[in-house]
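**Student:** coords below, sequence missing:
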């Protein structure tokens, strides 16, 4: 299974960029993105920005990822549902 994470471009240096997701910054290749700009939201997989997305789609995807992560945390803590 593959998971691509929405990330915001915060710096562009030729074909590489710095992306940010939830405060974590990493380098990613921008070779596959047409005219990448600071502020663009992109889907990143395996170190490559593979597609631009709009702000609404990025925020929705990030919300779903946070909810899924919380479900995993709750599943690991049997008392979480009782303490709810």
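**Tutor:** Received the coordinates, thanks. Predicted model only: the values in this text are computed from it and were never measured.
**Student:** Scan the protein for its longest helix.
**Tutor:** When the chain is parsed with DSSP state H, its longest helix is helix 55-76.
**Student:** Output the contacting helices and strands for it.
**Tutor:** Using 3 or more CB pairs under 8 Å, 6 or more residues apart in numbering; DSSP states H and E as the contact test, the elements touching helix 55-76 are strand 5-13, strand 41-45, helix 78-83. C-beta here means a position set from N, CA and C on the backbone, and glycine is covered the same way.
**Student:** Try it again at 7 Å.
**Tutor:** strand 5-13 (3 or more CB pairs under 7 Å, 6 or more residues apart in numbering; DSSP states H and E).
**Student:** Over the strand it packs on, what's the mean pLDDT, rounded is fine.
**Tutor:** Averaged over strand 5-13, pLDDT sits at 95.
**Student:** Enumerate residues external to that strand that contact any of its residues.
**Tutor:** Here strand 5-13 makes contact (CB atoms under 7 Å, 6 or more residues apart in numbering) with 17-21, 25, 30, 36-44, 53, 58, 61-62.
**Student:** If any of those are buried, give me the PyMOL selection for them.
**Tutor:** Per 16 or more other CB atoms under 10 Å, the buried members of those correspond to this PyMOL selection:
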select buried, resi 17+18+19+21+30+36+40+41+42+43+44+53+58+61+62
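**Student:** ok, the nearest residue to residue 15 once chain neighbours are set aside - how many residues close by?
**Tutor:** Among residues not flanking residue 15 along the chain, residue 31 sits closest, at 4.9 Å (CB to CB, 6 or more residues apart in numbering). Neighbour count for residue 31, taken as other CB atoms under 10 Å: 11.
**Student:** Using the three-state scheme, assign residue 31.
**Tutor:** coil (DSSP: H, G, I helix; E, B strand; the rest coil).
**Student:** Buried residues, the longest helix of the chain. List them.
**Tutor:** Judged by neighbour count using 16+ other CB under 10 Å, the buried positions of helix 55-76 are 58, 61-62.
**Student:** Let me have the residues you listed in TSV, extended by distance to residue 10 and pLDDT.
**Tutor:** Below are those laid out as TSV (distance: CB to CB, whole Å; pLDDT from 0 to 100):
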residue	distance to residue 10	pLDDT
58	14	94
61	18	90
62	16	90
